[in-house]
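Undergrad: next comes the sequence, and after it the predicted model I'd like to discuss.
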Amino acid sequence: MPSTPQSASEVRRLLASRKIEKVVVLGANGTMGYGSAALFTQAVPEVTFLARTKIKAEEGLGAAVKQVRSPTVASRSRVGSYDDDLEAAVVGADLIFEALTEDLAVKKDMFDKVEKFRRDDSIVATVTSGLSINALCEGRSDSFRQHFLGLHFFNPPNVIVGTELIAGEDTDPEIVDFVEVFSRIRLGREMIRTADTPAFAGNRVGFKVLNQAAQLAEQLGPVLVDRLIGPYTGRAMTPLATIDLVGWDIHRAIVDNVFENTEDEAHLANRLPGYMDRLMERGVMGNKTGRGFFYRDDDKRQHVLDPASGEYQPVSEVVLPDLSYIDEVSRLYNEGRYKEGMQVFLKADGHEAAIARRAIAGYISYAFHRVGEVTETIDGIDRIMGLGFNWAPPSVLVDTMGGAEAAVQMIDKAGVPVPPILADAAKTGEPQRFFDHPHINVGRFFVAG
């Protein structure tokens, strides 16, 4: 699981060990499919967009060109359909990149076809957001399993560099090393190796927080929840707006996978709220269907969901309690006074501030509890949350609030389990800082709002 630091000579050796000149993207009409295909065109001479029909593949290519605004995308791309072009494309591919819907059966059915035509030395990668790598290649040939791994980009890949690399039990370590170096050097990725556990690292931690926000929305209403767990808590986008952007169906697939296949200290936090299930039956899926927690009418007025009734009301009619502490935190962040802003947050009075602290305590606790399970150290979780989710890494929050002792006090007061790593650090005073990346400006994570 851990990424081994490579010397310059080792990097050169790995890059020379094989060539990636032809890439095939399966599911290239989807958002992740065409975004990933566009990324590959920046490093590979030929990328084939494949979809159910050639028209769908052409739509994916058009979306890719629009997304990255580069003539290289069109000049290096081909399009085709599964029925007419899969065999020829896969036979010649050095890398086959699968980006189909997040469904185990659908993906395995496609891999049946891929295995008929792929060369023994071609790499097969899946961009699954959390399905088991071992389950996806179960029953495959030795060659397939040795060359199969997870390469989880975050959307949109041309903007978000954090990438998870997940090996299966039988993946050749040399292939893993090569893909890591190729992705880092040729694709400009920040690579984080994770274990083959449900939702891996980023989605395991991130969607637990998102789902708790969805659970809270039933009690507090979406507007208040997004204000309490908003940008000032270390995220570029509010949690419920994020679920709308991702899509309620994708959110459900991820949290259901975690809920059904794990049993951890925050198990119930991954149970999808019943109102979301009921509304999805009525076609509510977030931005993709025009309505989720929020929507805008024809006059651009924003409306918000009432989870209890399933009806919407104008956001302007929602009355919020006094949250003036958020304005003070934001003011200090704007001035670059991050530690002072954090202290205002930690000391703020009122029921609502306590709810916000519990949410952040839960984020830090859950992340540190996953060390040794999803990544070897907290560094991997820190980097994928910071450079994949664009959230303040848990270690950055710990450091900013004054270190492990202050974090333990906040977590314990919130009634959340204290991670052993932080408890030990609070006793020993070591490490004094958890986050140590000189090229990552932590100020980017402290957003006013």
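TA: Okay, I see it.

Undergrad: can you list the weak-confidence ranges in this structure?
TA: For the chain, applying pLDDT under 70 flags the ranges 1-5.

Undergrad: which residues sit in contact with Ser132?
TA: Contacts here follow CB atoms under 8 Å, 6 or more residues apart in numbering; on that basis Ser132 touches Asp196, Pro198. C-beta here means a position set from N, CA and C on the backbone, and glycine is covered the same way.

Undergrad: ugh, typo on my part, it should be Leu39
TA: Val68, Phe153, Pro157, Asn158, Leu187.

Undergrad: would you map the helices across the stretch 301-449 of the chain?
TA: 324-334, 338-347, 351-369, 378-387, 394-400, 404-413, 420-428 (DSSP state H, counting those that start in this stretch).

Undergrad: just the residues contacting the strand or helix carrying Val181, thanks.
TA: For Val181, the host element (DSSP states H and E) is helix 173-185. Residues outside helix 173-185 that contact it (CB under 8 Å, 6+ apart): 3-4, 6, 11, 14-15, 17-18, 20, 123, 125, 146-147, 149, 151, 163, 165, 167, 189-191, 193.

Undergrad: buried subset of those residues?
TA: Taking 16 or more other CB atoms under 10 Å as the criterion, what is buried in those is 3, 11, 14, 18, 20, 123, 125, 146-147, 149, 151, 163, 165, 167, 189-191, 193.

Undergrad: let's see which of the residues you listed end up in helices.
TA: Val11, Leu14, Gln146 (DSSP state H).

Undergrad: in strands only, show me the contacts of Leu39.
TA: Assigned to strands by DSSP state E, the following of these qualify: Phe153.

Undergrad: just the buried residues of the contacts of Leu39.
TA: Neighbour counting by 16+ other CB under 10 Å classes Val68, Phe153, Pro157, Asn158, Leu187 among those as buried.

Undergrad: quick one: contacts of whichever strand or helix holds Val23?
TA: Counting by DSSP H and E, the element that carries Val23 is strand 22-26. Outside strand 22-26, the residues that touch it by CB under 8 Å, 6+ apart are 33-34, 36-37, 40, 44-50, 82, 89-90, 92-100, 110, 114.

Undergrad: so how do I select the buried members of those in ChimeraX?
TA: Those of these that count as buried under 16+ other CB under 10 Å are selected in ChimeraX with:
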select :33,34,36,37,40,44,46,47,48,49,50,82,89,90,93,94,95,96,97,98,99,100,110,114
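
Undergrad: that older thread, between the helices of the stretch 301-449 of the chain, which one is nearest to Ser309?
TA: helix 351-369 (22.5 Å; CB to CB).

Undergrad: taking helix 378-387 as reference, get the angle to that closest one.
TA: Helix 351-369 and helix 378-387 are oriented at 130 degrees to each other (axes from the mean of the first three to the mean of the last three CA atoms, to 10 degrees).

Undergrad: what's helix 351-369 packed up against?
TA: Helices and strands touching helix 351-369, by 3 or more CB pairs under 8 Å, 6 or more residues apart in numbering; DSSP states H and E, are helix 202-220, helix 222-228, helix 338-347, helix 378-387, helix 394-400, helix 404-413, helix 420-428.

Undergrad: go again using 7 Å as the cut-off
TA: Applying 3 or more CB pairs under 7 Å, 6 or more residues apart in numbering; DSSP states H and E, we find helix 351-369 packed against helix 202-220, helix 222-228, helix 394-400, helix 404-413.

Undergrad: kind regards, and thank you for your time.
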